[in-house]
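Enquirer: I'll drop the sequence and a predicted model, then ask my questions.
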Amino acid sequence: MKALLALLLAGTAVSVSAQDLGAPQSEGGPVEVIESESDDVVIRITDEAAWSDIGIAIPAFATDRERATPANADGTGALGREMARVITANLRNNGLFKPVGPDSLPQPSFAQIPAPAYSTWSGRSAEMLVQGYVRARDDGKLVVGCYLFDVALQQQLVREGWVVGPADWRRAAHKCSDLIFSRLTGESPFFDSRIAYIAETGPKDRRVKRLAVMDSDGANHRFLTLGSATALTPRYSPDYSKILYLSYVDGNPRIYVYDIGSGKQVLVTENRNPTLAPRWSPDGKYILYSMAVAGNTDVYRVPATGGQSIKLTDSPGIDVGGSYSPDGSKIVFESDRSGSQQCYVMDADGSNQKRISFFGGRCATPEWSPRGDQIAFTRIAGDFNVAVMNTSGGNMRVLTRGWQDEAPTWAPNGRIIQFFRTEKNTGRSGIWQVDLTGQNERRLPTPVDASDPAWGPIRP
Amino acid sequence: MNTKLATILLLASATGLAACSKKAPEVLPPDPVSTPRPAATAAPTVTPTGPTVGTQGHFAAAVGSSTTIYFDTDRYNIDTQDAAALQAQAQYFARYPQITFTIEGHADERGTREYNIALGERRANAAKAYLVSLGVDANRIAVVSYGKERPVALGSNESAWAQNRRAASVIIN
């Protein structure tokens, strides 16, 4: 814990000029992509099957000229080392490849970045080599180049460069991680993304629940609410400009649309009834919410810009939640109309409601994978566990074994699922993640207890 | 001998379980809300020792444990025990027609967060509907669900969960 706090403090100190979340364009701003300076021929690597065993060397990124920047007062060389550390941690923490970081590797020179000294690396049983550079521009921005080489073939596999503000230096490291990951696995990227969640403190019967956000690796952590009102179930908008969440700020559970740039928030619908379980449509144009009228909860849809709500479900049972298929044509939601919580799929206009979960136990909090082929959900069968099934309810697989694991959320590439795990008796909670094999499970570092993770899309 | 003892224990625990699964364990009588002040040096006026009308203390002193009703897992029906408690509440609110109050619906921790908010809402509304059927004006009753966010019993066992699956009538001043 102490180490974690120190890390956080260090993070704060480093990002002195970081814009506060309240400032416009602090979130979701595109990273300018540039050609990194070298010509090359891209060659596809042959074997993508056994990529988890690939040894990757990630030495410190080099710099052309030492310059102190707001990103790192010790200079661009020190920043380059931090970049390589972030990339190494990304790959290692997600069980990807066998990365070796900059602290146990020789440091390449700036001139060697596009043309590695291959003999140095082949002797270290590194199959792949990641090299990069950091250059401070006169306008205050950083240019970061990222190269991936196949050591045995002595060939460059891919390269890319980005121009970022000093406060966004970690994003360049995440972009580089994504470049490596995508090139070696053929999968879509996921590192350059953010997570909204609920930070929890205090005893079980007086728990303080605050809205918080962080990068996919837990860095750049911020609390967005003070905790005087209970906040629950956040959801990032697809463009990261807003967060939907539930707050008891007026004494009742209601969904607010929180604008990150302005810090202002409005009710999702002007209505005296309690609203809960907010969700975005994939294009960000619609919001799903659930509303209880005289005790009966149904699912509604409203344009994100406001206006008329449309009631999508109409059963005497509790219909709640909802998650769009990536193409926006269908919605999976949960209902206890059969007598217990089960998962149902309907068309986006509410028609053709069909139960899909028939495997025993209950099915709750379904979330459609961004790839479209799977639905993650909370399986309740004695304990609460995160499970996946295909979109018609088949091939159910339980991925976790906690006492109470609930509320799965997908990584932008649909390969990893985060959820929150609650401890028996103490009520302590934490965010965990698991891959689709169920093999790689780990807890995410958060400064305090955490629940309700909501993983946003890959950033532009 | 051992076998016999074990049987007795088994029976006892089975009985305990049966009792728990149906209803919340006996709720302790509410704490005395106002303690009489020690006689000060001022003139010993005859101050009323009970709580004043319009406070939760007064309500609780009048109806006892009937301020709160309890539910089975995932259920929201009003059974005979709940009905008796709500009748006591209705009599109280008939006697003090100026009082408005809130019914807080709750669920135990063994449910998902959003579903539990909906479930608490359903429970609180079931209690409200029953009170309205007994003649309490619906406009006097506000309803709020806290889902599983505000447990009163902190353990992770059936006894604690039974105490947390509740709809509590609360007079908020």
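Expert: Thanks, I have the structure now.

Enquirer: Direction included, what does the helix or strand hosting A:Arg235 pair against?
Expert: Per DSSP states H and E: A:Arg235 is located in strand A:231-236. Using DSSP bridges, strand A:231-236 pairs in its sheet with strand A:242-247 (antiparallel).

Enquirer: Who are the contact partners of residue 108?
Expert: Here I'm looking at chain A. Listed by C-beta atoms under 8 Å, 6 or more residues apart in numbering or on different chains, the contact set of A:Pro108 reads A:Pro59, A:Ala60, A:Ala62, A:Pro116, A:Ala117, A:Gln131. Yep, even glycine has a C-beta here, placed from its N, CA and C like the rest.

Enquirer: ah, no, chain B please
Expert: B:Thr73, B:Lys148, B:Pro151, B:Ala160, B:Trp161, B:Ala162, B:Asn164, B:Arg165.

Enquirer: ok, for the first one, nearest residue in space, not its chain neighbours?
Expert: If the residues on either side of it in the chain are set aside, B:Thr73 comes closest to B:Arg165, at 7.0 Å by C-beta to C-beta, 6 or more residues apart in numbering or on different chains.

Enquirer: Same question for the fifth one.
Expert: Take B:Trp161 and drop its neighbours on the chain: the residue closest to it by C-beta to C-beta, 6+ apart is B:Asp108, 3.6 Å away.

Enquirer: Do you have the helices of the stretch 1-150 of chain A handy? List them.
Expert: Here the stretch 1-150 of chain A has its helices, by DSSP state H, counting those that start in this stretch, at A:2-14, A:76-93, A:118-122.

Enquirer: My guess is A:Phe419 contacts A:Gly430. True?
Expert: No: applying C-beta atoms under 8 Å, one finds A:Phe419 not in contact with A:Gly430, separated by 10.0 Å.

Enquirer: Those two - which one has more neighbours?
Expert: Using other C-beta atoms under 10 Å in any protein chain shown, the more surrounded residue of A:Phe419 and A:Gly430 is A:Phe419, with 27 against 19.

Enquirer: so what's the more buried one bridging to?
Expert: A:Trp432.

Enquirer: Quick one: residues contacting it.
Expert: A:378, A:386, A:400, A:405-409, A:431-434, A:453.

Enquirer: what bits of the chain have low per-residue confidence?
Expert: Just so you know, I chose chain A. A:1-29, A:35-52 (pLDDT under 70).

Enquirer: that's the wrong chain, I meant chain B
Expert: Looking at chain B by pLDDT under 70, you get B:1-48.

Enquirer: in it, which spans are strands?
Expert: Using DSSP state E, the strands of chain B run over B:68-70, B:101-106, B:141-147, B:166-170.

Enquirer: The residue nearest to B:Thr73 reaches B:Tyr70, doesn't it?
Expert: Yes: if you go by C-beta under 8 Å, B:Arg165 and B:Tyr70 touch, sitting 5.9 Å apart.

Enquirer: so how many other residues sit close to residue 110?
Expert: Picking chain A for this. 16.

Enquirer: not what I meant, chain B
Expert: B:Arg110 has 20 nearby residues by other C-beta under 10 Å.

Enquirer: For it, which non-adjacent residue is spatially closest?
Expert: In space, B:Arg110 is closest to B:Trp161, 6.1 Å off (C-beta to C-beta, 6+ apart).

Enquirer: Tell me how far that neighbour lies from chain A.
Expert: Counting by C-beta to the nearest C-beta, to the nearest Å, the gap from B:Trp161 to chain A is 12 Å.

Enquirer: tell me the contacts of that residue?
Expert: B:Thr73, B:Asp108, B:Glu109, B:Arg110, B:Ala153.

Enquirer: ditto for B:Asp82
Expert: So B:Asp82 contacts B:Ile69, B:Tyr70, B:Phe71, B:Ala127, B:Tyr130 (C-beta under 8 Å, 6+ apart).

Enquirer: A:Thr233 now?
Expert: Here A:Thr233 is in contact with A:Ile198, A:Tyr245, A:Leu246, A:Leu276, A:Ala277, A:Pro278, A:Asp452, A:Ala454, B:Arg113, B:Glu114 (C-beta under 8 Å, 6+ apart).

Enquirer: how far away is A:Gly263 from A:Gly372?
Expert: From A:Gly263 across to A:Gly372, the span is 35 Å (C-beta to C-beta, to the nearest Å).

Enquirer: all helices of chain B, in order?
Expert: B:2-22, B:56-63, B:80-95, B:113-133, B:158-164 (DSSP state H).

Enquirer: Get me the contact residues on chain B for chain A.
Expert: Listed as neighbours of chain A in chain B under the rule C-beta under 8 Å from any C-beta of the partner chain: B:74, B:76, B:109-110, B:112-115, B:117-119, B:121-122, B:124-126, B:128-129, B:143-145, B:147, B:149-152, B:154-156.

Enquirer: Count the residues that sit near B:Ala61.
Expert: B:Ala61, neighbours per other C-beta under 10 Å, totals 16.

Enquirer: so it sits right up against B:Pro51, yeah?
Expert: Yes: at 5.9 Å, B:Ala61 and B:Pro51 qualify as touching, with contact defined as C-beta under 8 Å.

Enquirer: on that earlier part again, make JSON lines out of the strands of chain B and add mean neighbour count.
Expert: Output for these, formatted as JSON lines (neighbours: other C-beta atoms under 10 Å in any protein chain shown):
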{"stretch": "strand B:68-70", "mean neighbour count": "24"}
{"stretch": "strand B:101-106", "mean neighbour count": "24"}
{"stretch": "strand B:141-147", "mean neighbour count": "22"}
{"stretch": "strand B:166-170", "mean neighbour count": "23"}
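
Enquirer: Which one of these lies nearest to A:Ser125?
Expert: strand B:141-147 (53.3 Å; C-beta to C-beta).

Enquirer: then that closest one to PDB, C-alphas only?
Expert: Output of strand B:141-147 as PDB, limited to C-alpha atoms (Å, rounded to 0.1, in the frame of the first residue of the first chain):
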ATOM      1  CA  ILE B 141     -45.500   8.200   1.500                       C
ATOM      2  CA  ALA B 142     -42.200   8.600  -0.300                       C
ATOM      3  CA  VAL B 143     -40.300   5.600  -1.400                       C
ATOM      4  CA  VAL B 144     -36.500   5.200  -1.900                       C
ATOM      5  CA  SER B 145     -34.500   2.100  -2.700                       C
ATOM      6  CA  TYR B 146     -30.900   1.600  -1.500                       C
ATOM      7  CA  GLY B 147     -30.500  -1.800  -3.000                       C
END
